[in-house]
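Engineer: Let me see the structure of the following:
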Amino acid sequence: MLHAKVIDSKNQKIEIKNAEEFLKSSKFGALIYFVGTVRNVNEDKKVTGITYDSKDSLVIKSFEEIYKEADEKLNIKDKAVFIEHIKGYVGLEEKSILIGVGCKHRDQAYVLSRYIIEEIKKRTPIWKKEHYENQDSEWLKGTTIEAN
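Structural biologist: All right, here's what the predicted structure looks like:
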C-alpha cells in the first residue's frame, strides 16, 4: 500500500496527521516517520529558505519504483508507505519531505524507512534552489545517477 504525492507549497503543507491516518492499522506494530525540514546553514551559508522544483509525474514514478524495489530487495511484504515531497518555496523549519512507514516489526520499519529516503535522495528528480540571508540564491548541484 503506497501513498505518493507532490505537495504544492502555495496550496498546502505537509501534515503528519495525513500520514498517521493513512498508516492506521492494527496489523502494524511499528510506525516510523521521517520528516525532512529546511535548516538554517548549508556549506557555511546562512539559508532563509529553499525552492524545490520537479516534474511531478517523474517524482511519483520514482516513488513507485522505489516502493516496488523494496519488495524485491528487503522482502518486507506487509507494509504501508506514505511519501509526500514539497514543491515550491519553503522557509526555515518547514517540512520538505515526509516518509511514513508501517510494518509488523520495528526493525523492518527502520530498514524500510532508511532505504526509501536514501533512494529518493539518489534517484528522484527534485531540484533545490537555496535562498540566503544576503538575498542571493543558487541551484544546488545534484548527484548524478552514474555516481551511485
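Engineer: Longest strand in this protein, please.
Structural biologist: strand 79-91 (DSSP state E).
Engineer: Which strands and helices lie in contact with it?
Structural biologist: Based on contacts counted as 3 or more CB pairs under 8 Å, 6 or more residues apart in numbering; DSSP states H and E, the elements that strand 79-91 packs against are strand 2-8, helix 16-23, strand 45-54, helix 56-74, strand 95-103, helix 106-123. Just so you know, the C-beta spots here come from the backbone N, C-alpha and C atoms, and that holds for glycine as well.
Engineer: let's see 10 Å
Structural biologist: On a contact count with 3 or more CB pairs under 10 Å, 6 or more residues apart in numbering; DSSP states H and E, strand 79-91 meets strand 2-8, helix 16-23, strand 30-37, strand 45-54, helix 56-74, strand 95-103, helix 106-123, strand 126-132.
Engineer: How far off centre is that strand?
Structural biologist: Using CA atoms, centre = their mean, to the nearest Å, the mean C-alpha position of strand 79-91 is found 5 Å from that of the whole chain.
Engineer: Make residue 1 into 53 and carry on from there
Structural biologist: From this message on, residue numbering opens at 53, which makes the last subject strand 131-143.
Engineer: Which strands border that strand, and is each parallel or antiparallel?
Structural biologist: Sheet pairing of strand 131-143 (DSSP bridges) gives strand 54-60 (parallel), strand 97-106 (antiparallel), strand 147-155 (antiparallel).
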